[in-house]
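Colleague: structure, please.
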Amino acid sequence: MPYNYDLFISYAHLDDLSPFGDERGWIDLLHERLSVLVSQALGSELRIWRDGHNLGGNDPLNEAIAAGITESLVLVPVISPRYVQSDWCNREMAAFHAAAPPPNAQKLGFRSRVFKVVKTPLPDPLKKLEPEQIRNLIGYQFFGEDESDGKLREFSSDPQDKSYWKTLNRLVSDLKETLIDLKYSADPKPDGTGSSAAIPASVETSGATAGRSEPDNPAKLIYLAETTSDLTKERELVRDELRQRGHTVMPNQKLPLEEVKQTISSVESDLARCALSVHLVGRRYGSTPEDDARSIVKLQEELSAERSQNDPAFRRLLWIPPGLGTGALEISDDRQKTFIADLQTKVMPGAELLQTSIEDLKTRIMEKLNPEAGAFKPKPRHSSLTQVYLICEHLDRASVRPLKEYLFKLKFEVITWLDQGSDKLMEYHHKNLRDCDAALIYFGNGDEPWVRKNLEDLEKAYGYGRETDWLANAVYVAGPSNEQKEDFFTNMVPYVIRNFQTFDPNDLREFVGAMQQGTGGN
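Modeller: Take a look at the predicted model:
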């Protein structure tokens, strides 16, 4: 079958009416902009079929549209409340999926030839009217949440609307990649055409998708977990970065929410094909399957943890935004508070918990995917100094001075963390947990819960990116004496030192010895 068109725009005519009485409506502008931008990206003129633009005065309407849709490489349906109620639009969708795929469709793997553009959010009563063939596609949402009142609003097609153009550019980029795969073989001809190898008859395909031509390469497949609406932009940034670097991002369809067993099956199937999963966790708990109380975000995290336990080579990155739980990022849902607390205190082997900028997360993902690059391997020291992280309360500044002076004399580099409860300094705290060789928690003016929190931080250091074992860790229990300090015991560090009097260097003998042994002498 000849494919005379690159893409077919399927839409409801009501959606092309401008509320301002402009001559060009929303669909007109989409058509015009795709034509220009995709043509420029491909280096050849894009052939678009759209009724009203490709019909001659004497063309039979039904036959012309049927021919246009079956002769198009990809379909761009513009979803809206009117679209899902249109019998005509639903027939176009069915015709596209019933048609035989183009020869090079096999190169798409599990990618769809349908690029779902969601112009207007569907009210709940209409969501089940969305064509079944594309209901689970994530699509390109040309609307977002208004931060002023939390309501969903369409992006403006005005050139000044950054959200509109960001989504449009993502659509253009993905269309370009798919059309290149569909139109060209490995060696496109100078005229922009290209030979296409036919699909073997033994491979079963449908009109919109085709089976894989070769086994998965797990290093190229990344599971980027679905997240909540407050982190949509961050997830898009990560997804776009991965795609630009040639990775396939899973899931490529919306997760089913009707039954939890369907959700679990879908997630497990995608995780099994990937070598790395990335989870963005924000202040909202998010939606849940209809028959399970766990959020989709929590379910994906739990299933990825199970995958990691069964396959030590599988890696996970968990990310929460800096300042989560404070100010504008305050968590109001108790379920989410519990979920976040569990993540922070129970980082499992094979996982890292990051609380950094989204750019740092993208960098860490690349380092995980390309370990040979050594971007995140422990860097050689500029000197032979061993770094000791001294953690204490701000009120203990004077009390820890004798310890610092003694360690300095032994040629240890002491980095002090004066805990003042400042969220702005947490990134510095995480850096020290990641980079220092040993840690000493000073139990002076703090209470036992404060000590316990810092002991947990030492364990979470691997979640912040630490890749070497601690040389030594200790808790120094200092004066003033009280029952809480007398009763303090822990197995979370090898050394618990007690001295309620003036500092005695012998107190640190075993701690210092462990560091010197670990470095071969100091």
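
Colleague: tell me the buried residues in the longest helix seen in the chain?
Modeller: Taking DSSP state H as the criterion, the chain has its longest helix at helix 162-183. Burial within helix 162-183, assessed by neighbour count using 16 or more other C-beta atoms under 10 Å, is assigned to 163-165, 167-168, 171-179, 181-183. Glycine gets a C-beta too; all of them are placed from N, C-alpha and C.

Colleague: please name every helix or strand in contact with it.
Modeller: In this structure, helix 162-183 makes packing contacts with strand 5-10, helix 26-42, strand 72-79, strand 140-141, helix 232-244, judged by 3 or more C-beta pairs under 8 Å, 6 or more residues apart in numbering; DSSP states H and E.

Colleague: neighbouring strands - and their directions - for the helix or strand just after the last one?
Modeller: Same thing as helix 232-244. Scanning forward in sequence from helix 232-244, with DSSP states H and E defining helices and strands, the next element found is strand 248-250. Taking DSSP bridges as the criterion, strand 248-250 forms sheet pairs with strand 221-224 (parallel).

Colleague: could I have the CA atoms of the partner strand written out in CSV?
Modeller: Listed next in CSV are the C-alpha coordinates belonging to strand 221-224 (Å, rounded to 0.1, in the frame of the first residue of the first chain):
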residue,chain,number,x,y,z
LEU,A,221,15.2,1.0,28.7
ILE,A,222,14.5,3.2,31.7
TYR,A,223,11.5,2.9,34.0
LEU,A,224,10.5,6.5,34.8
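
Colleague: so what touches that strand?
Modeller: By C-beta atoms under 8 Å, 6 or more residues apart in numbering, the surrounding residues in contact with strand 221-224 are 235, 238-239, 242, 247-251, 270-271, 273-278, 304, 365, 369.

Colleague: could you tell me how far that strand lies from the centre of the chain?
Modeller: Chain-centre distance of strand 221-224: 8 Å, with C-alpha atoms, centre = their mean, to the nearest Å.

Colleague: now swap in stretch 120-134 and tell me
Modeller: For stretch 120-134 - counting by C-alpha atoms, centre = their mean - the centre lies 25 Å from the chain centre.

Colleague: list the buried ones in it?
Modeller: In stretch 120-134, the ones that count as buried by 16+ other C-beta under 10 Å are Thr120, Pro121, Leu122, Glu130, Pro131, Gln133, Ile134.

Colleague: which outside residues touch the longest helix of the chain?
Modeller: Helix 162-183 is touched from outside by 6-7, 30, 33-34, 37-38, 41-42, 73-74, 76, 102, 104-105, 107-108, 111, 113, 115, 117, 140-142, 144, 155-159, 193-194, 196, 236, 240, 243-244, with contacts defined as C-beta under 8 Å, 6+ apart.

Colleague: mind checking which of the residues you listed are buried?
Modeller: The buried subset of those (16+ other C-beta under 10 Å) comprises 6-7, 30, 33-34, 37-38, 41-42, 73-74, 76, 102, 104-105, 107-108, 111, 113, 115, 117, 140-142, 144, 155, 157, 194, 196, 240, 243.

Colleague: could you pull out the strands for the stretch 301-450 of the chain?
Modeller: Secondary structure of the stretch 301-450 of the chain, counting by DSSP state E, counting those that start in this stretch: strands at 315-319, 351-354, 386-393, 412-419, 438-443.

Colleague: elements contacting the shortest one?
Modeller: It stands for strand 351-354. Applying 3+ C-beta pairs under 8 Å, 6+ apart, one finds that strand 351-354 makes contact with strand 315-319, helix 358-369.

Colleague: got the angle between the last one and helix 232-244?
Modeller: Read it as helix 358-369. Between helix 358-369 and helix 232-244, the angle formed by their directions is 40 degrees, by axes from the mean of the first three to the mean of the last three C-alpha atoms, to 10 degrees.

Colleague: identify the residues contacting helix 358-369?
Modeller: By C-beta under 8 Å, 6+ apart, helix 358-369 touches 219, 222, 234, 237-238, 241-242, 245, 247, 275-276, 278, 315, 317, 319, 321, 352, 354, 356, 373, 375-376, 465.

Colleague: lowest average pLDDT across the helices and strands packed on strand 351-354?
Modeller: Summarising mean pLDDT across the helices and strands packed on strand 351-354, the least confident stretch is helix 358-369, with a mean of 86.

Colleague: grab the CA positions of that one and hand them over as PDB.
Modeller: Taking Å, rounded to 0.1, in the frame of the first residue of the first chain, the C-alpha atoms of helix 358-369 are listed here in PDB:
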ATOM      1  CA  ILE A 358      16.300  18.100  39.000                       C
ATOM      2  CA  GLU A 359      19.500  18.800  37.000                       C
ATOM      3  CA  ASP A 360      21.500  16.900  39.600                       C
ATOM      4  CA  LEU A 361      19.100  14.000  39.300                       C
ATOM      5  CA  LYS A 362      19.500  13.900  35.500                       C
ATOM      6  CA  THR A 363      23.300  13.900  36.000                       C
ATOM      7  CA  ARG A 364      23.100  11.000  38.400                       C
ATOM      8  CA  ILE A 365      20.900   9.000  36.000                       C
ATOM      9  CA  MET A 366      23.500   9.400  33.300                       C
ATOM     10  CA  GLU A 367      26.200   8.300  35.700                       C
ATOM     11  CA  LYS A 368      24.200   5.200  36.600                       C
ATOM     12  CA  LEU A 369      23.600   4.400  33.000                       C
END
